[in-house]
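Chemist: okay, here's the prediction I keep looking at, along with the sequence it came from:
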Amino acid sequence: MKIPRSTVISTIITIISVSSPAFSQENTDNDELTHKRSLSVGIGFPDYSQSFQAKTGVGIGPVPEYEGSDDYAATGLPLIEIRKPGVFFVKGASINTNDGLASAGLTLLHFSYSEESRHRVQLVMGPLVRAYRGRDESDNDILNGLGDIDQSVGVGGFIALSTGAWLVNLSVSPQDVGNDTDGTLATFDIGYTVSIKNRLQLTTGLSTSWADDDYIQGYFGVSDAQAIRSGLSRFDITSGFKDTGIQMKASYAISPRWSLEGQIGYWRLLNDAADSPIVKDAGSADQVRGLIGLSYQF
């Protein structure tokens, strides 16, 4: 039987709706309990978005003097998180250098599946703006002659999948890594969050990152000119996975507004990044970072 084209188009428009459920089904089990299931695919924000959340603060802790260093220095980081889950987010720096100095994302497309509002799977995606800290050759003696990498801002995109206490996130963002080249870094994170007596919140996460030729060469490579100035051997790097790591975050509410914040994590540089002269000869592929601070919730 041939289905008219108008019928197909009408069906597609019905399924792909803007911020409203497009599919609903009800089943009755043997106990005559009704289970409502809904599927929503849309452009814009989902209609079941959670409440607005915002907190700001500052933390301090030991971090490597540069990515790949085995020398550490105490560094202060802004603890900023402003978000409406499923709609937008703004984040400050963390001990994971792949997150940059700050990032902001906005949901443009969403997909969700729920059953009785108890089991919800949500997928959101949209543009991502991320700022990166850069690197100064004065940060460590081994960097002398390599030149500075300026702070920069890149525009990319993100995809986030959440279900229950789990969150999986993939982000891709370009940046200027010096020497008139632009590099791209892709990060993948998976995290699990648990609350204990509504005062202590713990998040454990795994992460990895992939970098293209320009990014990896900018941060870990040594060009001919840099070799002459620094005394290091020339080192060319190709794209590949840059690092992998594990991180834990803790937030303890000491009052309705104020919380103690803690982060600790371990990352291992991989492949050519680990073999770079600034890492293998004068640093370490093992990177440990941490901080402790105080935040205020609005």
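Modeler: Received the coordinates, thanks.
Chemist: what about the strands in the stretch 151-298 of the chain?
Modeler: Counting by DSSP state E, counting those that start in this stretch, the segments of the stretch 151-298 of the chain that form strands are 152-163, 166-176, 182-196, 200-211, 240-253, 258-269, 286-297.
Chemist: so which of the ones you listed gets nearest residue 140?
Modeler: With respect to residue 140, and counting by C-beta to C-beta, the nearest of those is strand 286-297 at 13.9 Å. For the C-beta atoms, the positions are set from N, CA and C on the backbone; glycine is no exception.
Chemist: and residue 192, how far from residue 201?
Modeler: 11 Å (C-beta to C-beta, to the nearest Å).
Chemist: more neighbours, the two?
Modeler: residue 201 (16 against 13; other C-beta atoms under 10 Å).
Chemist: ok, and the closest non-adjacent residue to the more buried one?
Modeler: Leaving aside its sequence neighbours, residue 201 sits nearest to residue 251 (C-beta to C-beta, 6 or more residues apart in numbering; 4.6 Å).
Chemist: now swap in residue 267 and tell me
Modeler: Using C-beta to C-beta, 6+ apart, the nearest residue to residue 267 is residue 245, at 3.3 Å.
Chemist: name all residues that make contact with that neighbour.
Modeler: The contact partners of residue 245, by C-beta atoms under 8 Å, 6 or more residues apart in numbering, come to 96, 206-208, 265-268, 287.
Chemist: most surrounded residue in these?
Modeler: residue 267 leads these on contacts (other C-beta under 10 Å) with 25 neighbours.
Chemist: any idea what that residue is bridged to?
Modeler: residue 245, residue 287 (DSSP bridges).
Chemist: mind listing what's buried along stretch 51-61?
Modeler: By neighbour count on 16 or more other C-beta atoms under 10 Å, the buried set for stretch 51-61 is 55, 57, 59, 61.
Chemist: what's the pLDDT at the third one?
Modeler: It refers to residue 59. Looking at residue 59, its pLDDT is 94.
Chemist: kindly report the same for the one 10 residues further on.
Modeler: With respect to pLDDT, residue 69 has a value of 97.
Chemist: burial of the closest residue to it other than its chain neighbours, as a residue count?
Modeler: Counting by C-beta to C-beta, 6+ apart, residue 69 lies nearest to residue 283, which is 4.7 Å off, once chain neighbours are set aside. Residue 283: 23 surrounding residues under other C-beta under 10 Å.
Chemist: let's number from 325 now, not from 1
Modeler: In the new count, where the first residue is 325, that last one comes out as residue 607.
Chemist: follow-up on the earlier one: restricted to strands, list the buried residues of stretch 375-385.
Modeler: When the buried residues of stretch 375-385 are checked against strands (DSSP state E), the matches are 379, 381, 383, 385.
Chemist: good, wrapping up.
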